[in-house]
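K.L.:
pasting a predicted model and its sequence here:
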Amino acid sequence: MELAPSQLLIFGNPKLGTPAMQDDALAGLYLPLKVLVYQDGGGKVWMAYEDPGEMLDDLGGVSADAAYVAAMRGALAKLTAAAAGAN
């Protein structure tokens, strides 16, 4: 079976992920963070990731207002902006 070119980037930061897992151990199912870089049928390259707040919002111990959720969002935004050349 063939797939279009794609790469899954996996990265984490214990200073961000550990507090989430301390609040709810099930956060470990969603961490470390991931970004999928893929090429569509027209040859255009995309980056996709799930918003950390939405990803963790079903967990009872994780607050959407937690500082680490905001930091995760910021890290993903910086990484994808740099990869896209939008510095």
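P.N.:
Arrived safely, thanks for sending. Numbers count the residues shown, from 1 in each chain.
K.L.:
how close does the residue of the chain positioned farthest from its centre sit to G12?
P.N.:
Each residue of the chain has a distance to the centre, and by C-alpha atoms, centre = their mean the biggest one is for M1: 27.2 Å. For M1, the distance to G12 equals 30 Å [C-beta to C-beta, to the nearest Å]. Where you see a C-beta, it was placed from the backbone N, CA and C, and this is true even at glycine.
K.L.:
what comes into contact with stretch 72-87?
P.N.:
Applying C-beta atoms under 8 Å, 6 or more residues apart in numbering, the contact partners of stretch 72-87 are F11, N13, L16, L33, V35, V37, M47, Y49, D51, P52, G53.
K.L.:
same question for it: list its buried residues.
P.N.:
By neighbour count, and taking 16 or more other C-beta atoms under 10 Å as the criterion, the buried residues in stretch 72-87 are M72, A75, L76, L79, T80.
K.L.:
tell me which of those residues is nearest to D58?
P.N.:
Ranked by distance to D58 (C-beta to C-beta), those are led by M72 at 15.7 Å.
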